[in-house]
Structure formats: structure tokens, C-alpha cells
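Enquirer: I would like to see how this sequence folds:
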Amino acid sequence: MPVLNERAYLEHAVASVLAQELTGPSELVLALGPSTDGTTELARRLAAEDDRIRLVENPAAHIPVGLNAAIRESRYPTIVRVDAHSELAPGYAERALATLERTGAANVGGVMRADGRTPFQRAVARAYNSPIGLGGGAYHGTTHEGEAESAYLGVMRRSVLDEVGLFDESVRRGEDWELNLRIRQAGYKVWLDPKLSVTYWPRESWWRLARQFRATGAWRGELVRRYGRSNGLRFFAPPALVLNVALALIVGVLQLTRVLGWVASIVASIVYLPLIAYALLVTVMALKPGGGRTPRERLWTLAVLPTMHLSWGLGFISGVLRGARDTVDASRLGTRNTPLP
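Expert: Coordinates of the predicted model:
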């Protein structure tokens, strides 16, 4: 479990891991980044209370670096990746191990069930759980079990990880997708079991959400630079939306300044149709049953979806054009928006 500034979530995440019922020995390795909110002190207290918890340092603060440090420190043949912003459902590890054995897969993952504690966070969770929000990735709500492109978190064979080279530490976001690509290219199976469920707690504020999605989009753009069409078509929808918005703004200016004649203006107005359709789609999602329990939550839903899509799309375009470079997800670092040490 890589950990950075997760004081509000760490204890629940750790408890959900330690509560897993397993027949064999287990351990929880926490990779501690340079937290500033008391997370490190909390982790040390938890480790002192339970000898199954082990600590390793992750001064770089990057997720794949921390994951690799924890894997190298681990002592058992199966790796269960967990997240400090998540909680494992009861029986998760036991079922995942059984599925790993039954299918012969190298990596088994389940479904991300986003949840929220505030009106804003619940709106983000609904977007995560909807195909409209995150583009219909398999682990965001499918009921079909079988081979998959990637796996959320993942329960992995250590021998396969050693063979393909662990996580690529040069990939700061999307590192799980990149690892699963190499696992599949090596001839192994990545398997989705929808009966495996993990609760995920999204970012707690609009600004943190926007920064998270911009960084994630930039790294997806970087992965497109590296791997081209190995990336699914759904990843290209948000940048298409951004380009449509930019084109609509240009057309709008040309119409207002009367640069376009009336015929050309009518023809150019076609550019608004996809945006109108998108606005209607977002509105329907906010107003339909499940769009929110209160008017405030429904309003947040109207804001959350475009924030996710436009931030991700802008990051993607930047990542494709210039690479992700030192882009990091600074959404858990308060007002800080610079590369980590």
C-alpha cells in the first residue's frame, strides 16, 4: 500500500486489509511517502500495534516507486495491491486467491465501487460508477467475468512480476495499465472477477479533483506516445470534447464579429451540436433517479462530470504533444503544485 497524506483514510484502509480471513500467513507493507498531515506517525502507531504491518520508505513519493519498494520487501508468493484511499470488502483476498488459482491468471482484479461522505464526494462517486463518467472501463461496474485489459489494484503472482520487471517507475499515472500490458504481452492472463469489490473514496474538493484528472490525462497521453493504439478508443473521448469546445469558441467569435457570412455561419453552427448533446447527457444524469439525494448533490453532478472530462482531456493533449515529463498528481498536497522531491 503506497501512502501519502492519507490520515483521514489510512486507519480504515488498514483495518479492511487486516480483517481479511486467510488460511496462510500474510503481511501488509506500507510504502510511506513524505506526508505532512500526520499520516507517517499514524502508520508507525498502527505498525507498533500489529506485527503484520511492515514499513518501507518511499521518499520519491511516486506510486510505482513505492509499490516496487513494498514488493521487494515482501516475503510471500502472492502480491495483493491495496490503496490507502480504498477499503477491501470482507472476503476480498480469499476470493481473489481462489480466482487466481481457478483461472491460472497472473493478475486478478475486481470492481471499483466509489463512495462519498459529502455531497461533493458523493457526486464524484456517482460519476466514477457511471459509464459516462470514466468511459465504461471494465472495472467500473461490469458484471461479466473474464479476461480484461487491466485490473483495478490487482492480486498478482510474484513470479510473473519478477519476470516482467515490476512496475515501470518512469510511469507516474496509469502504471497499473502499463504493467498489465506487459503481463499480457508476456502471454499471461489478466482476469476480472466482478464479485470482487473495493470501496474507493474520491477527492474531497473540486480543485483536487481537477488536478488529479489533469495529471491522469497527461500520463495517458504519455502512454499513447509510447504504446499507440494499444490504448482503448475510450481514452480519446475527453480530448475530442476539449477540441470541440475550442472549435466552438473560435466559431462563436467569428460569428459575433461577423467574419462569417450567414450561410457559412449556419454551416459552422454544426460544431455546437455535439456540445448540446453532451450538455443534455450531463443534465439527464444529474436529474435522473440516483443523480443525487439533494439539489446540492445534483448541482455538484452537473459540475463534476465536465470537470473530470475537460481536465483529463486537457492533460491528455498536453501529454501527447510534449509528454508527461514531471507531471505529478498533486491533489493530495494542499496548495502545492510542483514536482515532489
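Enquirer: end-to-end on stretch 34-41?
Expert: With CA to CA, to the nearest Å as the measure, stretch 34-41 spans 11 Å from end to end.
Enquirer: let me redo that: stretch 69-81
Expert: 12 Å.
Enquirer: any idea of the mean pLDDT for it?
Expert: Stretch 69-81 shows a mean pLDDT of 96.
Enquirer: One more: stretch 235-249?
Expert: pLDDT averaged over stretch 235-249 gives 95.
Enquirer: which stretches of the stretch 101-250 of the chain have low pLDDT?
Expert: Applying pLDDT under 70 to the stretch 101-250 of the chain flags residues 135-143.
Enquirer: Thought T78 was touching L100, still the case?
Expert: Yes: if you go by CB atoms under 8 Å, L100 and T78 touch, sitting 7.1 Å apart. In short, each C-beta sits where N, CA and C put it, glycine included.
Enquirer: Quickly list what's touching both of the two.
Expert: Counting by CB atoms under 8 Å, 6 or more residues apart in numbering, the shared contacts of L100 and T78 are 155, 157.
Enquirer: Based on its surroundings, how many neighbours for W206?
Expert: 15 (other CB atoms under 10 Å).
Enquirer: Give the closest residue to it in space, chain neighbours not counted.
Expert: T307 (6.4 Å; CB to CB, 6 or more residues apart in numbering).
Enquirer: Which strands or helices does the longest helix anywhere in the chain pack on?
Expert: Longest helix in the chain, counting residues (DSSP state H): helix 295-322. Contacts defined by 3 or more CB pairs under 8 Å, 6 or more residues apart in numbering; DSSP states H and E place helix 295-322 against helix 119-129, helix 131-134, helix 206-227, helix 237-256, helix 272-287.
Enquirer: and the helix or strand just after the fourth one, which residues are buried?
Expert: Put plainly, it is helix 237-256. Using DSSP states H and E, the helix or strand that directly follows helix 237-256 along the chain is helix 262-268. For helix 262-268, burial by neighbour count (16 or more other CB atoms under 10 Å) applies to A268.
Enquirer: Tell me the pLDDT of P34.
Expert: Listed pLDDT for P34 reads 93.
Enquirer: and it, how many neighbours?
Expert: Residues contacting P34 under the criterion other CB under 10 Å number 16.
Enquirer: what's the pLDDT at T327?
Expert: pLDDT, T327: 81.
Enquirer: tell me the angle of the longest helix of the chain relative to helix 119-129?
Expert: 60 degrees (axes from the mean of the first three to the mean of the last three CA atoms, to 10 degrees).
Enquirer: Tally up the residues packed near the nearest residue to V160 once chain neighbours are set aside, please.
Expert: Distances taken as CB to CB, 6+ apart place A106 nearest to V160, at 4.1 Å, with adjacent residues excluded. Neighbours of A106 under the rule other CB under 10 Å: 25.
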